[in-house]
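Participant: Show me how the following folds:
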Amino acid sequence: MNTLKLQTLEDSILGFLENTNEQLVDSGVFAAQRGFSHDEIVSVIQSLIGSEFVVAQPISRIERWQLTAEGKTYASNGSPEFQLYSAIPSEGISCAVLKTKLGDLVFKIGWQQAIKNKWVEMGKPQVSRKVDHVEDTVKAMLLKIDDGESHMLTLPEDYVERVRHIHESGGYGSRGYGYDWKREEANKNLLRTHTTAVSSRMLYALAKKHFEAKKYYSIDRVFRNEAVDRTHLAEFHQVEGLICDRGLGLGDLKGVLGDFFSRLGMSKLRFKPAYNPYTEPSMEIFGYHEGLKKWVEVGNSGMFRPEMLLPMGLPDDVSVIAWGLSLERPTMILYGINNIRDLFGHKADLQLIKSNGICLIGL
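Facilitator: This next block holds a predicted model:
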């Protein structure tokens, strides 16, 4: 920012405060009304704070989604998959004619989604409808966003308050973390490092009902800040399982893990004490890799802490044993693969994947 513009922005802010004798309530609104960049306004305000000319504090803002130009087109005309479905007559249509009718972009996106949704099918001569009626849920969602409807996840505030208190001051036998828990920090989106967030949602839903023992499983993508090597990737798939019942202990967890991994063909297991912020006790799980001639970590496990479960509303005598493992590392051990990059990622050996069956393990 050059000196002249900096002076202009400073004069505008200070002039507003002096002439109106009012607070500048929202820097975003102030910038928009005067045609300034909000980032530049914030930078100048911070400079004025440093010079002790003004005092300011951050404000909480409810973020709402806004449609892009492409989104507005689909809100008006329908999603690409719906446009593709609607463009197919009852007698069918050739793929070339359909592509010309829709245009390259709509055809490309719409074709992938329509096939995924099982709306259409490709015969030898032409494309035809596979179902008689479809609902364009994408268009409905886009219209709601365009009407200003918030799509932020609404959390139960009483539960959020209990979580905040546990973090700051502890409870249920925990001393907490002793820091100021900030809602705006917790609301931030980030690439998840594990799927325990899914388990937490399921357990909270379970706590709202009359309790009964449950087993939950999930498989999904996770992301880590890892240095990539032959046994580590920055993104991979996590398999997570948990059992929720009364009277469960560490012995139950080890027994379940032994049975679980033996069914995957892995009988050589070791357990190592570990620390997890949401389980205690916790154990890392190691399996022996014959090709690498060493023990390879294949998962993590533990018993969910009371200070995690009790604020949800679960009964005092209920315990949860849980474990998580990558999909890739056990596959390496089972198939004798020495480099994880041959199995998953941009360097994957596609011929290796094509030449092996989808499932060779009888569970």
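Participant: neighbours of residue 296, just the number please.
Facilitator: Neighbourhood size, residue 296 [other C-beta atoms under 10 Å]: 17. Backbone N, C-alpha and C define where each C-beta goes, glycine included.
Participant: Quick one: classify it as helix, strand or coil.
Facilitator: Under DSSP: H, G, I helix; E, B strand; the rest coil, residue 296 falls in the strand class.
Participant: and it, what are its bridge partners?
Facilitator: Beta-bridge pairing of residue 296 under DSSP bridges involves residue 287.
Participant: my guess is it meets residue 287, correct?
Facilitator: Yes. The criterion here is C-beta atoms under 8 Å, and residue 296 meets it with residue 287 at 6.0 Å.
Participant: Residues in contact with both of those two, list them for me.
Facilitator: Between them, residue 296 and residue 287 share these contacting residues under C-beta atoms under 8 Å, 6 or more residues apart in numbering: 329, 333.
Participant: Strands along the stretch 51-200 of the chain, start to end?
Facilitator: Using DSSP state E, counting those that start in this stretch, the strands of the stretch 51-200 of the chain run over residues 120-122, 127-129.
Participant: Ranking the ones you listed by mean neighbour count, which comes first?
Facilitator: Of all those, strand 127-129 carries the top mean neighbour count, a mean of 19, counting by mean count of other C-beta atoms under 10 Å.
Participant: and that one, how far from the chain's centre?
Facilitator: Computed by C-alpha atoms, centre = their mean, to the nearest Å, the chain-centroid distance of strand 127-129 equals 35 Å.
Participant: by contact count, what packs against it?
Facilitator: For strand 127-129, the packing partners by 3 or more C-beta pairs under 8 Å, 6 or more residues apart in numbering; DSSP states H and E come out as strand 120-122.
Participant: who's in contact with the strand it packs on?
Facilitator: Strand 120-122 is contacted from outside by 84-85, 88, 95, 111, 114-115, 127-130, using C-beta under 8 Å, 6+ apart.
Participant: any idea which of the residues you listed is closest to residue 264?
Facilitator: residue 115 (32.1 Å; C-beta to C-beta).
Participant: How about the contacts made by that closest one?
Facilitator: Counting by C-beta under 8 Å, 6+ apart, residue 115 touches residue 122.
Participant: for the chain, what's the longest helix?
Facilitator: Longest helix in the chain by number of residues (criterion: DSSP state H): helix 3-20.
Participant: Counting by contacts, list what that helix packs against.
Facilitator: So helix 3-20, by 3+ C-beta pairs under 8 Å, 6+ apart, packs with helix 27-34, helix 38-50.
Participant: Out of the ones you listed, name the one with the poorest average pLDDT.
Facilitator: When these are ranked by mean pLDDT, helix 27-34 comes last with a mean of 81.
Participant: what inclination does that helix have with respect to helix 3-20?
Facilitator: Orientation of helix 27-34 against helix 3-20 (axes from the mean of the first three to the mean of the last three C-alpha atoms, to 10 degrees) gives an angle of 100 degrees.
Participant: Verify the stated contact: residue 319 with residue 245.
Facilitator: Yes. Here residue 319 lies in contact with residue 245, judged by C-beta under 8 Å, at a distance of 7.0 Å.
Participant: Appreciated, that's everything.
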